[in-house]
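In: show me how the following folds:
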Amino acid sequence: MTAYPPPPPPPPPTEEGGPVSSESKTWALIGWALGLIGAIIVMATKKEDKYAMFWAKQSLVLSIGYLVIYFVLLFLSFVFWPLWYLIYLVGLGVLIVWIIGVIKSYGGEWYKFPVLYDIAKGISL
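Out: Numbering: from 1, shown residues only. Got it, this is the predicted structure:
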């Protein structure tokens, strides 16, 4: 009979995965659900919590991106009034992304929003 070596231990948690504590889930939810303010709070107080920082960085990108798009469309809508409708559509899209983020962040999932994550991973503190 041949003895097989034991399987290697699992890798330590990285930014892309690993087990998540309930405290980390709560801070991630705060960082995501409260938008810009929540992201700043989490980034200032929980720098060592990778999961909370993961969600706070994406929240920061979503919040700032939405504010920039909103004010640009608001300014342009004074020149071309039908852009008011686009403001509502962008707001609806952000609301949908926000709801998905609330569910995923408190569920303990390391969900990467396609554009948000690519920008957020460049943020270093």
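In: so what pLDDT did Tyr106 get?
Out: pLDDT recorded at Tyr106 is 94.
In: list the contacts for it?
Out: Lys25, Thr26, Ala28, Leu29 (Cβ atoms under 8 Å, 6 or more residues apart in numbering). Just so you know, the C-beta spots here come from the backbone N, C-alpha and C atoms, and that holds for glycine as well.
In: so the third one sits against Ser59, correct?
Out: No. Applying Cβ atoms under 8 Å as the test, Ala28 and Ser59 come out as separate, 9.1 Å apart.
In: could you export the contacts of Tyr106 to CSV, including columns for secondary structure?
Out: CSV is the format used below for those (DSSP: H, G, I helix; E, B strand; the rest coil):
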residue, secondary structure
Lys25, helix
Thr26, helix
Ala28, helix
Leu29, helix
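In: among those residues, which ones are buried?
Out: Buried by 16 or more other Cβ atoms under 10 Å: Lys25, Ala28, Leu29, out of the contacts of Tyr106.
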